[in-house]
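Trainee: below are the sequence and a predicted model; questions follow.
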Amino acid sequence: MLIYGLDIGNAYAYASVLEVDPRNPASIHLDPVPMLPDAFSTVGIPTNAYIAPDGSITVAQGLSRGKDAPPLRKGLCGVVRAVKTMLLKEEIVCRLPRNQQVSVRTGDIYAAIIRETVMVANAHRLSIGREPIYDLMLAVPSEFANPRASDQYVSKVRACVEGIELDGRRLTLHGVIPEPAAAAMDYLHYQKFTAGASVGDEMTALVYDIGHGSFDTALTRVNAAANTYELLQHDGADVGGKDMDATLRDLFLSQLRASRAADEGFLSALASGDRLYALAGEAKNELSDMDAFEQEFTLPDDETVTLQVTRAAFEDMIAPLIERTLEVTDALLSDARSRKTHIDCVVLCGGCSQIPAVRRAVQELAADYGLPCVPFRPSQAVSFGAARYSFSPAMLEKYTGYDYSILLEDDDSFLNGRLQTILPFNTRLPCTSREITLKYQHRGEYWLCRSLDQADEALGLRPTNYITVRKLRVDVFPGEEFRAIFSMDENYVLHVVCRSMKDEILLEL
(Lines give C-alpha, C1' and ligand atoms only; values in the text may rest on other atoms or scores of the structure.)
Protein backbone atom coordinates (compact mmCIF):
# COMPACT_ATOMS: atom_id res chain seq x y z
CA MET A 1 0.00 0.00 0.00
CA LEU A 2 1.27 3.47 -0.90
CA ILE A 3 0.71 6.26 1.62
CA TYR A 4 1.33 9.98 1.22
CA GLY A 5 3.39 11.65 3.92
CA LEU A 6 1.64 15.01 4.24
CA ASP A 7 2.94 18.20 5.81
CA ILE A 8 0.18 20.81 5.87
CA GLY A 9 2.24 23.89 6.62
CA ASN A 10 0.95 27.31 7.54
CA ALA A 11 2.11 28.74 4.22
CA TYR A 12 2.78 25.71 2.01
CA ALA A 13 1.90 22.02 1.94
CA TYR A 14 4.14 19.14 0.87
CA ALA A 15 3.32 15.57 -0.12
CA SER A 16 5.84 12.75 -0.35
CA VAL A 17 5.63 9.02 -0.96
CA LEU A 18 8.05 6.19 -0.18
CA GLU A 19 7.82 3.54 -2.89
CA VAL A 20 9.29 0.34 -1.51
CA ASP A 21 10.31 -2.42 -3.90
CA PRO A 22 9.34 -5.74 -2.23
CA ARG A 23 12.20 -7.43 -4.11
CA ASN A 24 14.69 -5.05 -2.50
CA PRO A 25 14.33 -4.72 1.30
CA ALA A 26 16.96 -1.94 1.35
CA SER A 27 14.62 0.28 -0.67
CA ILE A 28 12.73 1.14 2.53
CA HIS A 29 15.69 3.37 3.41
CA LEU A 30 15.68 5.34 0.16
CA ASP A 31 14.56 8.95 0.13
CA PRO A 32 10.81 9.45 -0.36
CA VAL A 33 9.75 11.13 -3.59
CA PRO A 34 8.27 14.65 -3.40
CA MET A 35 4.89 14.78 -5.14
CA LEU A 36 4.80 18.31 -6.48
CA PRO A 37 4.69 19.67 -10.04
CA ASP A 38 7.89 21.35 -11.17
CA ALA A 39 6.38 24.81 -10.74
CA PHE A 40 5.95 24.19 -7.01
CA SER A 41 8.81 21.81 -6.27
CA THR A 42 10.70 24.33 -4.16
CA VAL A 43 7.97 26.37 -2.50
CA GLY A 44 5.21 23.81 -2.00
CA ILE A 45 1.46 24.09 -2.52
CA PRO A 46 0.11 27.37 -1.09
CA THR A 47 -2.24 26.80 1.86
CA ASN A 48 -3.74 30.28 2.10
CA ALA A 49 -7.52 29.91 2.09
CA TYR A 50 -9.51 32.63 0.31
CA ILE A 51 -12.99 33.05 1.77
CA ALA A 52 -15.73 34.61 -0.38
CA PRO A 53 -18.69 36.53 1.09
CA ASP A 54 -20.90 33.45 0.64
CA GLY A 55 -18.47 31.39 2.78
CA SER A 56 -17.05 29.36 -0.13
CA ILE A 57 -13.38 28.40 0.17
CA THR A 58 -10.67 28.48 -2.50
CA VAL A 59 -7.25 27.01 -1.73
CA ALA A 60 -4.06 27.31 -3.77
CA GLN A 61 -6.05 29.16 -6.42
CA GLY A 62 -7.21 25.94 -8.01
CA LEU A 63 -3.76 24.57 -8.89
CA SER A 64 -5.09 21.06 -9.39
CA ARG A 65 -7.70 22.23 -11.87
CA GLY A 66 -5.42 24.41 -13.97
CA LYS A 67 -7.21 26.39 -16.64
CA ASP A 68 -10.56 24.97 -15.56
CA ALA A 69 -10.34 26.66 -12.16
CA PRO A 70 -12.76 29.57 -11.68
CA PRO A 71 -11.06 32.96 -11.44
CA LEU A 72 -10.26 34.01 -7.89
CA ARG A 73 -11.50 37.51 -7.16
CA LYS A 74 -8.99 38.38 -4.44
CA GLY A 75 -10.36 41.86 -3.97
CA LEU A 76 -13.61 40.42 -2.62
CA CYS A 77 -12.11 37.64 -0.50
CA GLY A 78 -10.74 37.41 3.00
CA VAL A 79 -7.64 35.33 3.67
CA VAL A 80 -7.21 32.68 6.39
CA ARG A 81 -3.66 31.57 7.16
CA ALA A 82 -2.23 29.02 9.59
CA VAL A 83 -5.55 27.21 10.06
CA LYS A 84 -3.91 24.03 11.40
CA THR A 85 -3.14 25.87 14.65
CA MET A 86 -6.82 26.85 15.00
CA LEU A 87 -8.38 23.41 14.50
CA LEU A 88 -9.61 23.03 18.08
CA LYS A 89 -11.88 26.03 17.45
CA GLU A 90 -15.17 25.06 15.84
CA GLU A 91 -15.24 28.14 13.60
CA ILE A 92 -13.52 31.46 13.07
CA VAL A 93 -14.71 34.84 11.84
CA CYS A 94 -12.94 35.87 8.64
CA ARG A 95 -12.77 39.58 7.88
CA LEU A 96 -13.42 40.48 4.27
CA PRO A 97 -12.75 43.72 2.38
CA ARG A 98 -15.40 46.46 2.55
CA ASN A 99 -15.97 45.84 6.27
CA GLN A 100 -17.66 42.48 5.70
CA GLN A 101 -17.10 39.34 7.75
CA VAL A 102 -18.19 35.73 7.52
CA SER A 103 -18.04 32.74 9.90
CA VAL A 104 -16.27 29.68 8.53
CA ARG A 105 -15.79 26.24 10.08
CA THR A 106 -12.10 25.56 10.66
CA GLY A 107 -12.59 21.92 9.70
CA ASP A 108 -14.00 22.97 6.31
CA ILE A 109 -10.90 25.08 5.62
CA TYR A 110 -8.50 22.34 6.71
CA ALA A 111 -10.35 19.73 4.64
CA ALA A 112 -10.19 22.03 1.60
CA ILE A 113 -6.40 22.36 2.02
CA ILE A 114 -5.92 18.59 2.31
CA ARG A 115 -8.21 17.99 -0.65
CA GLU A 116 -6.28 20.42 -2.86
CA THR A 117 -2.91 19.01 -1.74
CA VAL A 118 -3.91 15.43 -2.57
CA MET A 119 -5.47 16.50 -5.89
CA VAL A 120 -2.25 18.29 -6.91
CA ALA A 121 -0.12 15.30 -5.82
CA ASN A 122 -2.34 12.80 -7.65
CA ALA A 123 -2.40 14.95 -10.80
CA HIS A 124 1.40 14.89 -10.70
CA ARG A 125 1.49 11.10 -10.22
CA LEU A 126 -0.85 10.60 -13.18
CA SER A 127 1.36 12.86 -15.31
CA ILE A 128 4.32 10.52 -14.69
CA GLY A 129 2.27 7.36 -15.24
CA ARG A 130 1.69 6.37 -11.60
CA GLU A 131 -1.52 5.44 -9.87
CA PRO A 132 -3.16 7.97 -7.51
CA ILE A 133 -2.94 7.59 -3.73
CA TYR A 134 -5.80 8.04 -1.25
CA ASP A 135 -4.11 7.00 2.02
CA LEU A 136 -2.39 9.57 4.24
CA MET A 137 0.08 9.85 7.10
CA LEU A 138 -0.20 13.39 8.46
CA ALA A 139 2.36 15.45 10.38
CA VAL A 140 0.86 17.66 13.11
CA PRO A 141 2.28 20.35 15.43
CA SER A 142 3.93 19.01 18.59
CA GLU A 143 1.87 21.40 20.74
CA PHE A 144 -0.91 18.81 20.40
CA ALA A 145 1.28 16.02 21.76
CA ASN A 146 -0.20 16.00 25.27
CA PRO A 147 -2.79 13.20 25.46
CA ARG A 148 -5.94 15.27 25.96
CA ALA A 149 -5.19 17.84 23.25
CA SER A 150 -3.85 15.14 20.96
CA ASP A 151 -7.00 13.02 21.08
CA GLN A 152 -9.25 15.99 20.34
CA TYR A 153 -6.96 17.29 17.61
CA VAL A 154 -6.49 13.92 15.92
CA SER A 155 -10.23 13.32 16.08
CA LYS A 156 -10.81 16.61 14.24
CA VAL A 157 -8.06 15.86 11.73
CA ARG A 158 -9.47 12.39 11.05
CA ALA A 159 -12.97 13.76 10.54
CA CYS A 160 -11.58 16.33 8.06
CA VAL A 161 -9.57 13.75 6.11
CA GLU A 162 -12.09 10.93 6.01
CA GLY A 163 -14.92 13.26 5.00
CA ILE A 164 -13.13 13.93 1.69
CA GLU A 165 -14.11 11.97 -1.41
CA LEU A 166 -11.94 12.08 -4.55
CA ASP A 167 -12.60 10.14 -7.74
CA GLY A 168 -15.36 8.24 -5.96
CA ARG A 169 -13.05 7.13 -3.12
CA ARG A 170 -12.78 8.28 0.47
CA LEU A 171 -9.42 9.39 1.81
CA THR A 172 -8.07 7.32 4.70
CA LEU A 173 -5.94 8.65 7.55
CA HIS A 174 -3.52 5.95 8.73
CA GLY A 175 -1.99 7.97 11.54
CA VAL A 176 -0.23 11.15 12.61
CA ILE A 177 3.29 12.04 13.72
CA PRO A 178 4.50 15.25 15.42
CA GLU A 179 6.31 17.47 12.92
CA PRO A 180 9.65 17.62 14.81
CA ALA A 181 9.64 13.83 15.18
CA ALA A 182 9.10 13.47 11.43
CA ALA A 183 12.01 15.83 10.71
CA ALA A 184 14.30 13.94 13.13
CA MET A 185 13.32 10.59 11.61
CA ASP A 186 14.09 11.79 8.10
CA TYR A 187 17.42 13.25 9.22
CA LEU A 188 18.54 9.99 10.88
CA HIS A 189 17.57 7.92 7.82
CA TYR A 190 19.40 10.35 5.54
CA GLN A 191 22.57 10.31 7.65
CA LYS A 192 22.62 6.54 8.03
CA PHE A 193 21.51 5.30 4.63
CA THR A 194 22.10 8.15 2.14
CA ALA A 195 25.04 10.16 3.46
CA GLY A 196 26.71 7.03 4.84
CA ALA A 197 27.60 8.67 8.15
CA SER A 198 28.81 6.44 10.97
CA VAL A 199 25.73 6.74 13.15
CA GLY A 200 23.80 4.10 15.03
CA ASP A 201 20.17 3.13 14.72
CA GLU A 202 19.11 5.57 17.43
CA MET A 203 19.62 9.31 17.73
CA THR A 204 18.37 12.10 20.00
CA ALA A 205 17.98 15.44 18.24
CA LEU A 206 16.77 18.86 19.25
CA VAL A 207 14.63 19.94 16.28
CA TYR A 208 14.26 23.69 15.72
CA ASP A 209 11.35 24.05 13.30
CA ILE A 210 10.35 27.56 12.34
CA GLY A 211 7.66 27.82 9.71
CA HIS A 212 5.25 30.44 8.48
CA GLY A 213 2.73 30.33 11.30
CA SER A 214 4.55 29.13 14.41
CA PHE A 215 7.77 27.92 15.98
CA ASP A 216 8.02 24.32 17.17
CA THR A 217 10.94 22.76 19.02
CA ALA A 218 11.20 19.27 20.44
CA LEU A 219 13.75 16.91 21.90
CA THR A 220 13.05 13.72 19.96
CA ARG A 221 14.55 10.24 20.15
CA VAL A 222 14.18 8.29 16.91
CA ASN A 223 15.13 4.77 15.88
CA ALA A 224 15.81 4.00 12.22
CA ALA A 225 15.62 0.21 12.57
CA ALA A 226 12.18 0.15 14.21
CA ASN A 227 10.98 3.42 12.63
CA THR A 228 9.80 4.67 16.01
CA TYR A 229 9.97 8.00 17.82
CA GLU A 230 9.70 9.29 21.37
CA LEU A 231 8.92 12.94 22.07
CA LEU A 232 10.97 13.62 25.21
CA GLN A 233 10.22 17.34 25.60
CA HIS A 234 8.61 19.93 23.39
CA ASP A 235 7.71 23.60 23.40
CA GLY A 236 6.94 26.34 20.95
CA ALA A 237 5.88 29.91 20.37
CA ASP A 238 3.39 31.74 18.22
CA VAL A 239 6.20 33.20 16.12
CA GLY A 240 6.89 32.55 12.47
CA GLY A 241 7.14 33.84 8.96
CA LYS A 242 3.72 35.50 9.21
CA ASP A 243 5.12 37.88 11.83
CA MET A 244 8.17 38.65 9.69
CA ASP A 245 5.89 39.32 6.72
CA ALA A 246 3.73 41.62 8.85
CA THR A 247 6.85 43.54 9.92
CA LEU A 248 7.87 44.06 6.30
CA ARG A 249 4.33 44.99 5.31
CA ASP A 250 4.31 47.69 7.99
CA LEU A 251 7.66 48.97 6.70
CA PHE A 252 6.31 49.19 3.14
CA LEU A 253 3.18 50.95 4.41
CA SER A 254 5.35 53.54 6.14
CA GLN A 255 7.31 54.07 2.90
CA LEU A 256 4.09 54.57 0.96
CA ARG A 257 2.80 56.96 3.60
CA ALA A 258 6.07 58.93 3.56
CA SER A 259 5.85 59.28 -0.23
CA ARG A 260 2.46 61.04 0.17
CA ALA A 261 1.44 59.40 -3.11
CA ALA A 262 -1.44 57.38 -1.61
CA ASP A 263 -4.43 58.47 0.45
CA GLU A 264 -5.23 56.98 3.87
CA GLY A 265 -8.25 55.06 2.59
CA PHE A 266 -6.09 53.20 0.07
CA LEU A 267 -3.39 52.57 2.70
CA SER A 268 -6.00 51.24 5.14
CA ALA A 269 -7.24 48.78 2.51
CA LEU A 270 -3.64 47.68 1.82
CA ALA A 271 -3.02 47.10 5.52
CA SER A 272 -5.92 44.63 5.78
CA GLY A 273 -5.63 43.10 2.30
CA ASP A 274 -3.39 40.47 0.75
CA ARG A 275 -1.51 42.45 -1.90
CA LEU A 276 1.11 44.11 0.29
CA TYR A 277 1.34 41.10 2.60
CA ALA A 278 2.16 38.86 -0.37
CA LEU A 279 4.83 41.32 -1.51
CA ALA A 280 6.32 41.24 1.98
CA GLY A 281 6.55 37.45 1.71
CA GLU A 282 8.42 37.77 -1.58
CA ALA A 283 10.82 40.23 0.03
CA LYS A 284 11.47 37.92 3.00
CA ASN A 285 12.29 35.01 0.69
CA GLU A 286 14.53 37.11 -1.57
CA LEU A 287 16.45 38.51 1.40
CA SER A 288 17.57 34.98 2.29
CA ASP A 289 19.84 35.11 -0.80
CA MET A 290 20.18 38.81 -1.66
CA ASP A 291 21.56 41.79 0.25
CA ALA A 292 18.60 44.02 -0.64
CA PHE A 293 15.04 43.94 -1.99
CA GLU A 294 13.62 46.64 -4.22
CA GLN A 295 10.41 46.77 -6.23
CA GLU A 296 8.20 49.37 -7.88
CA PHE A 297 4.70 49.49 -6.41
CA THR A 298 1.96 50.81 -8.69
CA LEU A 299 -0.81 52.94 -7.20
CA PRO A 300 -4.37 53.25 -8.57
CA ASP A 301 -3.46 56.40 -10.56
CA ASP A 302 -0.52 54.53 -12.18
CA GLU A 303 2.01 56.47 -10.10
CA THR A 304 4.78 54.22 -8.75
CA VAL A 305 6.65 54.20 -5.45
CA THR A 306 9.89 52.29 -4.88
CA LEU A 307 9.63 49.94 -1.90
CA GLN A 308 12.96 48.75 -0.59
CA VAL A 309 14.70 47.13 2.35
CA THR A 310 18.21 45.82 2.98
CA ARG A 311 18.97 42.46 4.55
CA ALA A 312 20.70 44.20 7.45
CA ALA A 313 17.62 46.33 8.16
CA PHE A 314 15.35 43.27 7.87
CA GLU A 315 17.50 41.30 10.30
CA ASP A 316 17.35 44.15 12.82
CA MET A 317 13.55 44.22 12.47
CA ILE A 318 13.08 40.51 13.11
CA ALA A 319 15.74 40.18 15.84
CA PRO A 320 13.12 40.29 18.67
CA LEU A 321 11.14 37.52 16.94
CA ILE A 322 14.21 35.31 16.63
CA GLU A 323 15.10 36.01 20.25
CA ARG A 324 11.73 34.65 21.39
CA THR A 325 12.46 31.32 19.69
CA LEU A 326 15.96 31.23 21.19
CA GLU A 327 14.59 31.72 24.71
CA VAL A 328 12.31 28.70 24.26
CA THR A 329 15.12 26.62 22.74
CA ASP A 330 17.63 27.63 25.41
CA ALA A 331 15.21 26.67 28.19
CA LEU A 332 14.65 23.25 26.64
CA LEU A 333 18.38 22.63 26.17
CA SER A 334 19.14 23.79 29.70
CA ASP A 335 16.49 21.49 31.15
CA ALA A 336 17.81 18.57 29.09
CA ARG A 337 21.31 19.23 30.40
CA SER A 338 20.10 19.31 34.01
CA ARG A 339 18.42 15.94 33.41
CA LYS A 340 21.66 14.64 31.89
CA THR A 341 19.86 13.82 28.63
CA HIS A 342 22.33 13.10 25.84
CA ILE A 343 21.71 15.12 22.66
CA ASP A 344 23.45 14.25 19.40
CA CYS A 345 22.69 17.40 17.39
CA VAL A 346 20.41 20.35 16.68
CA VAL A 347 18.46 20.01 13.42
CA LEU A 348 17.21 23.16 11.70
CA CYS A 349 14.13 22.89 9.48
CA GLY A 350 11.10 24.88 8.39
CA GLY A 351 10.89 27.48 5.64
CA CYS A 352 12.17 30.35 7.80
CA SER A 353 15.26 28.38 8.86
CA GLN A 354 16.76 29.49 5.52
CA ILE A 355 16.96 33.09 6.75
CA PRO A 356 20.67 33.69 7.46
CA ALA A 357 20.00 35.54 10.74
CA VAL A 358 17.99 32.58 12.03
CA ARG A 359 20.71 30.10 11.12
CA ARG A 360 23.47 32.17 12.73
CA ALA A 361 21.51 32.65 15.95
CA VAL A 362 20.67 28.96 16.38
CA GLN A 363 24.18 27.84 15.46
CA GLU A 364 25.61 30.17 18.11
CA LEU A 365 23.21 28.84 20.74
CA ALA A 366 23.99 25.23 19.81
CA ALA A 367 27.73 25.99 20.05
CA ASP A 368 27.21 27.24 23.62
CA TYR A 369 26.06 23.71 24.45
CA GLY A 370 28.81 22.05 22.41
CA LEU A 371 26.34 20.68 19.85
CA PRO A 372 26.58 20.55 16.06
CA CYS A 373 23.80 22.49 14.32
CA VAL A 374 22.66 21.09 10.97
CA PRO A 375 20.37 22.90 8.50
CA PHE A 376 18.41 20.07 6.89
CA ARG A 377 15.80 19.96 4.10
CA PRO A 378 13.98 23.08 5.29
CA SER A 379 10.81 22.37 3.33
CA GLN A 380 10.64 18.60 2.81
CA ALA A 381 12.03 16.95 5.96
CA VAL A 382 8.62 16.76 7.66
CA SER A 383 6.71 15.23 4.74
CA PHE A 384 9.63 12.84 4.09
CA GLY A 385 9.62 11.76 7.74
CA ALA A 386 5.85 11.22 7.68
CA ALA A 387 6.21 9.04 4.57
CA ARG A 388 8.92 7.01 6.31
CA TYR A 389 6.79 6.61 9.43
CA SER A 390 3.98 5.05 7.38
CA PHE A 391 6.20 1.95 7.21
CA SER A 392 6.73 1.69 10.98
CA PRO A 393 5.44 -1.51 12.63
CA ALA A 394 3.01 0.51 14.75
CA MET A 395 1.45 2.07 11.67
CA LEU A 396 1.08 -1.23 9.86
CA GLU A 397 -1.34 -2.25 12.59
CA LYS A 398 -4.86 -0.82 12.41
CA TYR A 399 -6.97 0.64 15.19
CA THR A 400 -10.47 1.98 15.56
CA GLY A 401 -10.43 5.69 14.83
CA TYR A 402 -13.54 6.56 16.83
CA ASP A 403 -15.78 5.44 19.67
CA TYR A 404 -18.74 3.46 18.35
CA SER A 405 -21.92 3.39 20.42
CA ILE A 406 -25.51 2.23 20.25
CA LEU A 407 -28.34 4.68 20.92
CA LEU A 408 -30.71 3.41 23.63
CA GLU A 409 -33.89 5.42 23.32
CA ASP A 410 -36.25 6.50 26.05
CA ASP A 411 -39.47 4.48 26.15
CA ASP A 412 -41.64 7.27 24.82
CA SER A 413 -39.32 9.12 22.46
CA PHE A 414 -37.63 8.69 19.10
CA LEU A 415 -33.91 9.36 18.46
CA ASN A 416 -33.45 10.54 22.01
CA GLY A 417 -31.85 8.72 24.90
CA ARG A 418 -28.43 7.56 26.06
CA LEU A 419 -25.44 6.12 24.25
CA GLN A 420 -23.65 2.92 25.27
CA THR A 421 -20.12 2.42 23.95
CA ILE A 422 -19.67 -0.85 22.08
CA LEU A 423 -16.23 -0.43 20.44
CA PRO A 424 -13.88 2.06 22.17
CA PHE A 425 -11.53 4.45 20.39
CA ASN A 426 -8.01 3.19 19.59
CA THR A 427 -8.78 -0.53 19.86
CA ARG A 428 -6.62 -2.79 17.70
CA LEU A 429 -8.43 -4.29 14.71
CA PRO A 430 -10.02 -6.74 14.21
CA CYS A 431 -11.94 -6.38 17.47
CA THR A 432 -15.12 -7.73 19.04
CA SER A 433 -17.25 -6.18 21.75
CA ARG A 434 -18.40 -7.98 24.85
CA GLU A 435 -21.90 -9.39 24.56
CA ILE A 436 -24.54 -6.94 25.78
CA THR A 437 -28.20 -7.46 26.62
CA LEU A 438 -30.68 -5.09 24.98
CA LYS A 439 -34.39 -4.60 25.35
CA TYR A 440 -37.06 -3.75 22.78
CA GLN A 441 -37.23 -0.03 22.15
CA HIS A 442 -39.09 2.37 19.86
CA ARG A 443 -40.26 0.40 16.79
CA GLY A 444 -37.51 -2.15 17.37
CA GLU A 445 -35.01 0.26 15.78
CA TYR A 446 -31.48 0.82 17.03
CA TRP A 447 -28.92 3.33 15.81
CA LEU A 448 -25.17 2.70 15.71
CA CYS A 449 -23.26 5.95 16.11
CA ARG A 450 -19.69 7.12 15.55
CA SER A 451 -18.24 9.77 17.86
CA LEU A 452 -17.29 13.26 16.76
CA ASP A 453 -15.40 14.18 19.96
CA GLN A 454 -14.66 10.85 21.56
CA ALA A 455 -11.74 12.18 23.62
CA ASP A 456 -13.62 15.02 25.30
CA GLU A 457 -15.01 13.48 28.45
CA ALA A 458 -16.62 16.77 29.45
CA LEU A 459 -19.03 16.48 26.55
CA GLY A 460 -20.34 13.16 27.77
CA LEU A 461 -21.99 10.47 25.69
CA ARG A 462 -24.73 12.54 24.09
CA PRO A 463 -26.36 11.77 20.73
CA THR A 464 -25.50 15.30 19.53
CA ASN A 465 -21.79 14.43 19.73
CA TYR A 466 -22.17 11.46 17.38
CA ILE A 467 -23.10 10.75 13.78
CA THR A 468 -25.22 7.81 12.66
CA VAL A 469 -23.35 5.06 10.81
CA ARG A 470 -26.04 2.36 10.62
CA LYS A 471 -29.65 1.71 11.57
CA LEU A 472 -30.71 -1.74 12.78
CA ARG A 473 -34.16 -3.24 13.11
CA VAL A 474 -34.54 -6.21 15.45
CA ASP A 475 -37.91 -7.99 15.39
CA VAL A 476 -38.71 -8.84 18.96
CA PHE A 477 -41.85 -8.36 21.01
CA PRO A 478 -42.21 -5.22 23.16
CA GLY A 479 -40.49 -5.76 26.49
CA GLU A 480 -38.48 -8.75 25.23
CA GLU A 481 -34.71 -8.91 25.76
CA PHE A 482 -32.03 -10.14 23.34
CA ARG A 483 -28.23 -10.29 23.11
CA ALA A 484 -25.93 -8.44 20.71
CA ILE A 485 -22.26 -8.61 19.74
CA PHE A 486 -20.52 -5.98 17.62
CA SER A 487 -17.22 -6.35 15.78
CA MET A 488 -15.04 -4.46 13.31
CA ASP A 489 -12.76 -6.03 10.72
CA GLU A 490 -9.43 -4.75 9.38
CA ASN A 491 -11.25 -2.78 6.68
CA TYR A 492 -13.14 -0.78 9.35
CA VAL A 493 -16.44 -2.52 8.47
CA LEU A 494 -18.80 -2.82 11.42
CA HIS A 495 -20.58 -6.17 11.89
CA VAL A 496 -23.54 -7.00 14.14
CA VAL A 497 -24.98 -10.31 15.39
CA CYS A 498 -28.17 -10.30 17.49
CA ARG A 499 -29.48 -13.46 19.16
CA SER A 500 -32.59 -14.21 21.21
CA MET A 501 -32.28 -15.37 24.78
CA LYS A 502 -32.85 -18.88 23.34
CA ASP A 503 -29.75 -18.41 21.12
CA GLU A 504 -31.70 -17.99 17.87
CA ILE A 505 -30.16 -15.55 15.38
CA LEU A 506 -32.40 -12.50 15.02
CA LEU A 507 -30.08 -10.34 12.90
CA GLU A 508 -26.69 -10.75 11.24
CA LEU A 509 -25.04 -7.89 9.32
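Mentor: Structure received.

Trainee: what pLDDT does the model give residue 58?
Mentor: Per-residue pLDDT puts residue 58 at 86.

Trainee: that one and residue 92: what is the separation?
Mentor: 16 Å (CB to CB, to the nearest Å). For every residue, glycine as well, the C-beta is placed using N, CA and C.

Trainee: who has more neighbours, those two?
Mentor: With neighbours defined as other CB atoms under 10 Å, residue 58 and residue 92 compare such that residue 58 has more, 20 against 15.

Trainee: who touches residue 215 in this structure?
Mentor: Contacts for residue 215 were tallied using CB atoms under 8 Å, 6 or more residues apart in numbering; they are 209, 236-240, 324-325, 328, 350.

Trainee: tell me what it is bridged to.
Mentor: residue 210, residue 237 (DSSP bridges).

Trainee: nearest spatial neighbour of residue 50, skipping sequence neighbours?
Mentor: In this structure, residue 50 finds its nearest non-sequential neighbour in residue 77, 4.1 Å apart by CB to CB, 6 or more residues apart in numbering.

Trainee: correct me, but the one you found touches residue 58?
Mentor: Yes. With contacts counted by CB atoms under 8 Å, residue 77 reaches residue 58, the gap being 7.4 Å.

Trainee: overlap of the contact sets of the two?
Mentor: Contact with both residue 77 and residue 58 is made by residues 50, 52, according to CB under 8 Å, 6+ apart.

Trainee: separation between the residue nearest to residue 50 and residue 52?
Mentor: 6 Å.

Trainee: those strands in the stretch 201-350 of the chain, which residues are they?
Mentor: Listed in chain order, the strands of the stretch 201-350 of the chain (DSSP state E, counting those that start in this stretch) span 202-210, 215-223, 228-237, 292-298, 304-310, 345-349.

Trainee: out of these, which is closest to residue 122?
Mentor: Taking CB to CB, strand 345-349 is the member of the strands of the stretch 201-350 of the chain nearest to residue 122, at 25.7 Å.

Trainee: who are the contact partners of residue 383?
Mentor: 5-7, 14-16, 32, 34, 139, 182.

Trainee: neighbour-wise, which one of those residues leads?
Mentor: residue 182 (33 neighbours).

Trainee: if we can go back for a sec, looking at the contacts of residue 215, which is nearest residue 277?
Mentor: Out of the contacts of residue 215, the member with the shortest distance to residue 277 (by CB to CB) is residue 240, at 13.8 Å.

Trainee: burial count for that closest one?
Mentor: Quick note: residue 240 (other CB under 10 Å) scores 28 neighbours.

Trainee: what do you get for residue 80?
Mentor: Neighbours around residue 80, by other CB under 10 Å: 21.

Trainee: correct me, but it touches residue 55?
Mentor: No. Judged on CB under 8 Å, residue 80 makes no contact with residue 55 at a distance of 11.6 Å.

Trainee: overlap in contacts of these two?
Mentor: Shared contacts of residue 80 and residue 55, defined by CB under 8 Å, 6+ apart, are found at residue 104.

Trainee: so which helix or strand takes in residue 122?
Mentor: Following DSSP states H and E, one finds residue 122 within helix 106-127.

Trainee: the very next helix or strand once past that helix to helix 106-127, inter-axis angle?
Mentor: Following helix 106-127 in sequence order, the next helix or strand is strand 135-140 (DSSP H and E). Put simply, strand 135-140 runs at 130 degrees to helix 106-127, going by axes from the mean of the first three to the mean of the last three CA atoms, to 10 degrees.

Trainee: which residues sit against strand 135-140?
Mentor: Where contact means CB under 8 Å, 6+ apart, the residues beyond strand 135-140 that reach it are 1-8, 84, 114, 118, 153-154, 157, 161, 171-179, 182, 382-383, 385-387, 389-390, 395.

Trainee: can you select the buried ones among these for me in PyMOL?
Mentor: Buried subset of those, written as a PyMOL selection, criterion 16 or more other CB atoms under 10 Å:
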select buried, resi 2+3+4+5+6+7+8+84+114+118+153+154+157+161+171+172+173+174+175+176+177+178+179+182+382+383+385+386+387+389+390+395
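
Trainee: so which of the contacts of strand 135-140 are in strands?
Mentor: Counted as lying in strands by DSSP state E, out of the contacts of strand 135-140, are 4-8, 172-178.

Trainee: in the chain, which helix is the longest?
Mentor: When the chain is scanned for its longest helix (criterion: DSSP state H), the result is helix 311-338.

Trainee: which stretches of the stretch 251-400 of the chain aren't confidently modelled?
Mentor: For the stretch 251-400 of the chain, the stretches flagged by pLDDT under 70 are 394-397.

Trainee: please repeat the previous calculation with a cut-off of 90.
Mentor: The stretch 251-400 of the chain contains residues with pLDDT under 90 at 257-278, 281-282, 285, 288-289, 298-304, 350-351, 354, 378-379, 390-400.

Trainee: for the chain, what spans make up the helices?
Mentor: With DSSP H as the criterion, the chain has helices at 106-127, 147-162, 179-189, 241-259, 264-272, 275-286, 311-338, 356-368, 381-389, 393-396.

Trainee: which one of those helices lies nearest to residue 509?
Mentor: Comparing the helices of the chain by CB to CB, helix 147-162 comes nearest, at 21.3 Å.

Trainee: what packs against the closest one?
Mentor: In terms of contacts (3 or more CB pairs under 8 Å, 6 or more residues apart in numbering; DSSP states H and E), helix 147-162 is packed against helix 106-127, strand 135-140, strand 172-178.

Trainee: pull out the buried residues from it.
Mentor: 150-162.

Trainee: so how far is stretch 319-327 from its chain's centroid?
Mentor: The chain centroid and the centroid of stretch 319-327 are separated by 25 Å under CA atoms, centre = their mean, to the nearest Å.
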